[in-house]
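*Asks:* no FASTA, just this:
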């Protein structure tokens with residue numbers, strides 16, 4: 001069995017919402033969770049404020065990675081979640 005490397009993230013979740021919320025206006029945006037596809041990875045640029053290496057996560061065979069998008073702008077990824085049978089990682 002492969003050894004699992006634990007990674008701890010150092011960030012605070014300010015609140016949980018049912019959808020994407022505009023930080024300036026407080027307005028909730030209709031939101032969808034979609035499977036991440038390889039083409040989506042080209043939109044992840046170095047220097048973006050992701051607290052995790054999502055390209056590496058996507059390449060792990062035992063994981064399913066999803067993206068969070070606003071339905072009015074589905075081309076812009078607002079967040080990710082990775083699911084395995086034993087570990088869930090999100091930002």
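*Replies:* Sure thing, it's come through. Every value quoted in this text rests on a predicted model; they were computed, and no experiment measured them.

*Asks:* from here on, just use CA atoms for contacts and neighbour counts.
*Replies:* Will do.

*Asks:* how about the helices of the protein, start to end?
*Replies:* 54-59 (DSSP state H).

*Asks:* residues contacting residue 19?
*Replies:* Applying Cα atoms under 8 Å, 6 or more residues apart in numbering, we find residue 19 in contact with 28-31.

*Asks:* compare the residues you listed and tell me which is most surrounded.
*Replies:* residue 31 (18 neighbours; other Cα atoms under 10 Å).

*Asks:* so that residue touches residue 70, yeah?
*Replies:* Yes - in this structure, residue 31 is within contact of residue 70 by Cα atoms under 8 Å, at 4.5 Å.

*Asks:* returning to that earlier point: I'd like the contacts of residue 19 laid out as CSV, including distance to residue 82 and pLDDT.
*Replies:* As requested, those are exported to CSV (distance: Cα to Cα, whole Å; pLDDT from 0 to 100):
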residue, distance to residue 82, pLDDT
28, 23, 90
29, 22, 89
30, 21, 91
31, 17, 92
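
*Asks:* restricted to strands, list the residues you listed.
*Replies:* Counting by DSSP state E, the contacts of residue 19 place 28-29, 31 in strands.

*Asks:* which of those residues lies closest to residue 76?
*Replies:* Nearest to residue 76 out of the ones in strands among the contacts of residue 19 is residue 31 (Cα to Cα; 11.6 Å).

*Asks:* how much space between that closest one and residue 43?
*Replies:* Distance of residue 31 to residue 43, given as Cα to Cα, to the nearest Å: 19 Å.
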